[in-house]
Each structure stands twice: as C-alpha cells, then as structure tokens.
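Novice: below is the sequence, then the predicted model.
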Amino acid sequence: MAKKIRTRYAPSPTGKMHVGNLRTALYEYLIAKHEGGDFILRIEDTDQERYVEGALDIIYRTLEEAGLKHDEGPDKDGGYGPYVQSERQNSGIYLEYAKMLIDKGEAYYCFCDKERLDSLKHVVAGKEISIYDKHCLHLSKEEIEEKLNAGVPYVIRQNNPTEGTTTFDDEIYGEITVSNEELDDMILIKSDGYPTYNFANVIDDHLMEITHVVRGNEYISSSPKYQRLYEAFGWEPPKYVHLPLITDENHKKLSKRCGHSSFEDLVEQGFLPEAIVNFIALLGWSPEDNTEIFNLEQLTKMFDYHHINKSPAVFDMVKLRWMNGEYIKAMDNERFYELAEPYLKKVVKRDVDTHKILDLVKTRIEVFPDIEALVDFFEELPDYDIAMYTHKKMKTNSENSLEVLKELLPILEKHDDYSVDSLHDLIMNYISEKGIKNGQGLWPVRTAVSGKQMTPGGAFEIMEILGKEESLRRIRVGIEKLSAS
RNA sequence: GGCUCGUUGGUCAAGCGGUUAAGACGUCGCCCUCUCACGGCGAAAUCAGCGGUUCGAUUCCGCUACGAGCUGCCA
C-alpha cells in the first residue's frame, strides 16, 4: 500500500490571504483529501520583520471560511510539532541540521559583511545581481574558530558544486535540469540565527514527512537548490507539484489593489466563500466531465492533480461574478434573506415586506451589493423624466400614458386587495375592455409606480409591495407630471 | 543580462498524430415577456510564427517572437 499522502500549507503571517495562496492551499488540501491523506498547516514566520499582527487569525479564519480543514497545525497537534517555525527554531533544530551539512562539506560559515557583499553586486539590465564568490569557503578551521569565538556575525551558506547539473522531477512540469554553475550558495541560516525559508522548508517538509510539496511556480527556480539539500542530507525528495501563476487581466502577477487580491476583500465585495473556492479551483485545473459548479466535497472526489495546467491563468472577475450569481440563485431562501437583508435595509427603510422584494431580486444579482441600486425606488420615488413614458415597442407616449393612468386611478382607488393576483385581474380586465396591448397599459403603470426604466418585478409586484396608499400616490404624481407637460 | 517555465477564441479551458478543434464566461441576435433579469435557442471568435519528423501535425523536435517567474540574511 502506498504511503499516506501528506501535504502542507505553509503561509507566512504577513497579512491578508492572497487568492493565489488560497488556491495553493486548496490544491494542497485536495491532493491530500482526494486520496484520504492529511493536510497540514505550518506557519513560516522566520522573517520577524515582515510579521504582521493578526495575520495568524486571518489565516485560520480564511481556511475555515473556505472549508479547508487542516488535520494538523499549531492548534492541532499530530505528533509532528511544533508547527510554527519560530517555535521549532527555539529548539535549535535548524542550526543543528546546518551543522550536519557543514560537517559533510555541504555548507560553510560565511563572515562577509555588508560592504563586501555589496561589492559583489553588479547591475545588469537595470537589476541588481549578486552571486556569492565562495570567499569564506576557503577559511581555515582556525580562522573560523577565531571569528566564532570573537563573536563575528555569520551566516551559513549552502556549498553548491560549480560543475555538472542538478535535476529534479516535477509532477506537472516534468524533469527540470539546471547547470550547477547557476546555483548560488544561498544562505541557510541568517545572522539572526533564524533559518531562511529556503532551508527551513526543506528541513520541516522532511521532518513532517510531507509527501507532496505543492507551491506556486515562482519556486521552480529555487527547487534545484532544494534538491541539492535533499541530496546532501541523503534524504528522499518529496514529489514536487508546482502550480501555474494566477495573473490579472494584463497578465501580470496579481497586484495588491486591483480588487481581487485577497479572499477577505472578495468576501467584503459580496462574494460567497463557496463561489470563490469553486472559481479558483478552475484556475489551472478542470474536471474531466466539464462540470463547473461544484462544492468542496464534489471537488475533492473529482480532483486529480495530474490534470493541472502549466500555463498561467487570468483571474476573471466577470466570470467570478457570474458564478457567484449562480450560487445565489441556487441558495435556499432562508440563507438568502439573511445574507441579503442588510444590503436591502441600507436603502429601504420604509415598512415593507422585505422578503417579497428580495424574492424579486434573487435572480437579478450577481453579488449582494447589486441589490442597493435595484431596490432604491421602493424607498423613494425618483424624480424621473416623463420621456420614460414613451416606449416605442410598448407603443406608449405621454398622451396615451396619461390617459391610462387617469382611467385606472379611480378603479384602483376603489380596489382594496393589493395582492398581485387581484391587481392582475383588475388591470388586465381594464386592458382587455379598452382593447389595448398589455404593454400599453402596464408600461405607464410600472413607470409611474417606480420612476425607473428598469425594475425588478413588474407593475403588480411593485404595487403589492408598495401597498395601496403609496401606489396611488405615485400614480397621482405621474398624472401630475404628464399633465404639466 | 543569465537561468527556468509557458503560449488553443477577449477570458477560463477540453484535446494528448487523423476531430466539422468540446464546453463555460463575456459579446451579439432571436424567443419568452408590462421593463430588467431568469430561462430557452442560435451566431461570431482560437491552435503565436517559421522550419523539421511523419502518409498526416494543435498534438513530437528545433529555432524565433512574445509573456512570466527567479536572480534577497522575503517567502
């Protein structure tokens, strides 16, 4: 039997959760869960400078809202802890492993100061490039002892070969080989004693027995160095699954301010977590049977990471909106009312049946904030232009509209049952007796009662919600406006 | 600059040597209809370019172009 799959999501607590990171987390979750494996959360906080207060809460909250339950993590010990790198650091494990590498000649102390390092830099094509020259590799044992004892700050660097090639195998991209002269002697342990991501990630993945290392493909260039680390330790490398990038509409890495940078922002904009998860699942992957709308459970069943794409995907807000609309339409009414009510109440304060309005609006929105612009007229009749009464297709104009409203007013005044059905019978009866087309009679009424060109629902629905008094008031306003011209 | 990766309609994508090159979003048109939606039907629109390999290339190989990522004591 194959080894149980273990994947890990290893974010840095540096702020909001980017949709790219969320997709990585999602795929990690799916790869594990598809085969009954474990999904682990590990916090990579080795960069104390970038640490953001509260970022940890965001990570927990986002994962939970997205439904990505982890099996192990800082809050859930599975025997591989601690799960926070700064805590692991406290036990000195990273330095310990770095020293093992030094003993093997695979790493070395480096005492170079900033000035010397800066002197190694040169500018190419407007960018600062620097490749370490192995200067400190040639220090003698005595020199190293001396500097160490004198407390000279140091880092520990990986000692990479300068000849030959290094190859690693990616599940998506296949075999990738680079020439060893490209391998810079990257820093393993920083001068503050913390490991770099580059080092900690290899140590922790090994110690936590991660079977599939899933990450964005910005790490693909560094992977040969990680591969070298595994080889240096004599460890079996994990399966690598590098994921294609998610870009903005200009095919550039998602920027912080284009509105779709973080999960939190999207939720705030009125998107449903399920829809966001559904949507990002489809960025870089597609199921065999073409289904597009699915929940996490269905997705887990279908997901096969071998079908992941190699090419970058543009984050298309328009399609996300469509998908969100699909979720709203499919939502049961109770939940819809609960989520939509706050948006409705922002603009409609009058005493009306909010559920009736929301029923009208459910198939017409993609995102909750869309509600506001659709229902504002229920609160107050807009100061509309009477040109609105003229509609070519309905064959209406200000004259015949005025006529219809004037004739209908007394009929409506006498009528007391303002339910849709009753109003329907009443007005349709008037229309057929008068021998006009439906639109010719209904367009003026809907216009008068809403003051808008487009409305959710028709004349009957609007009047039912508005009630007799307000409906009549608005019709009188219409008559007044039309008479004045 | 170097290295690495990528390139099917505007976007997401299927395809894995022989297809009329799926499907979805968007766009446009028609139907339904008191408006707008919903729903239904339909249309336009794609294999980056050039060379190979092959009886046959969107599919395999090479080159070019374009794009992206990396090139931090960030991750």
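Specialist: Now that the structure is in, tell me what you want to look at. Please read all numbers here as calculations on a predicted model, not as lab measurements.

Novice: mind listing the strands for chain A?
Specialist: Taking DSSP state E, the strands of chain A run over residues A:6-9, A:38-41, A:107-110, A:122-124, A:127-129, A:155-158, A:165-170, A:174-179, A:187-189, A:212-216, A:239-243, A:246-247, A:313-314.

Novice: okay, those strands, which one's buried deepest?
Specialist: Mean neighbour count (mean count of other Cβ atoms under 10 Å) peaks for strand A:6-9 among the strands of chain A, with a mean of 27. C-beta coordinates here come from the backbone N, C-alpha and C atoms, glycine included.

Novice: with only the CA atoms kept, save that strand in CSV.
Specialist: What follows is strand A:6-9, C-alpha atoms only, in CSV (Å, rounded to 0.1, in the frame of the first residue of the first chain):
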residue,chain,number,x,y,z
ARG,A,6,0.7,14.4,3.5
THR,A,7,0.6,17.9,2.1
ARG,A,8,1.2,21.2,3.8
TYR,A,9,0.1,24.7,3.5
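
Novice: find the closest residue to RNA strand B in chain A.
Specialist: Per Cβ to the nearest atom of the strand, the residue of chain A with the smallest distance to RNA strand B is residue A:458, at 2.1 Å.

Novice: pLDDT at the nearest residue to that residue once chain neighbours are set aside, what is it?
Specialist: Using Cβ to Cβ, 6 or more residues apart in numbering and skipping the chain neighbours, the partner closest in space to residue A:458 is residue A:446 (6.0 Å). The per-residue pLDDT reported for residue A:446 equals 98.

Novice: and if you look at the one 10 residues further on?
Specialist: Among the per-residue scores, residue A:456 holds a pLDDT of 97.

Novice: dihedrals phi and psi, it?
Specialist: Residue A:456 adopts backbone torsions of phi -80, psi 130, taken as degrees, to the nearest 10.

Novice: quick check: it vs residue A:378, distance?
Specialist: 10 Å (Cβ to Cβ, to the nearest Å).

Novice: so what sits against both of the two?
Specialist: Jointly contacting residue A:456 and residue A:378 under the rule Cβ atoms under 8 Å, 6 or more residues apart in numbering are residue A:357.

Novice: mind listing what residue A:236 touches?
Specialist: residue A:230.

Novice: also the one 4 residues further on?
Specialist: Listed by Cβ under 8 Å, 6+ apart, the contact set of residue A:240 reads A:168, A:169, A:170, A:171, A:212, A:213, A:223.

Novice: could I get the residues you listed as TSV with pLDDT?
Specialist: TSV is the format used below for those (pLDDT from 0 to 100):
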residue	pLDDT
A:168	95
A:169	95
A:170	96
A:171	95
A:212	97
A:213	98
A:223	97
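
Novice: just to revisit the earlier point, isn't the residue nearest to residue A:458 up against residue A:456?
Specialist: No. Contact criterion Cβ atoms under 8 Å: residue A:446 and residue A:456 do not qualify, at 11.2 Å.

Novice: ok, residue A:378 touching residue A:350?
Specialist: Yes. Using Cβ under 8 Å, residue A:378 is in contact with residue A:350, at 7.0 Å.

Novice: and the two? Which one has more around it.
Specialist: Neighbours were counted for residue A:378 and for residue A:350 using other Cβ atoms under 10 Å; residue A:378 has more, 24 against 11.

Novice: and the more buried one, how far from residue A:425?
Specialist: 24 Å.

Novice: could you do residue A:296 as well?
Specialist: 48 Å.

Novice: more neighbours: those two, which one.
Specialist: Between residue A:296 and residue A:425, counted using other Cβ under 10 Å, residue A:296 has the larger neighbour count: 21 against 14.

Novice: list the contacts for the more buried one?
Specialist: Counting by Cβ under 8 Å, 6+ apart, residue A:296 has contacts A:67, A:68, A:274, A:277.

Novice: hmm, try it at 7 Å
Specialist: A:67, A:277 (Cβ atoms under 7 Å, 6 or more residues apart in numbering).

Novice: tell me the residue furthest from the middle of chain A?
Specialist: residue A:433 (56.8 Å; Cα atoms, centre = their mean).

Novice: count of neighbours near residue A:159?
Specialist: When neighbours are counted by other Cβ under 10 Å, residue A:159 comes out with 19.

Novice: the stretch 301-450 of chain A: helices as residue ranges?
Specialist: A:317-330, A:333-347, A:354-361, A:370-379, A:398-414, A:420-434, A:438-450 (DSSP state H, counting those that start in this stretch).

Novice: most packed of those helices?
Specialist: Counting by mean count of other Cβ under 10 Å, the most buried of the helices of the stretch 301-450 of chain A turns out to be helix A:438-450, with a mean of 23.
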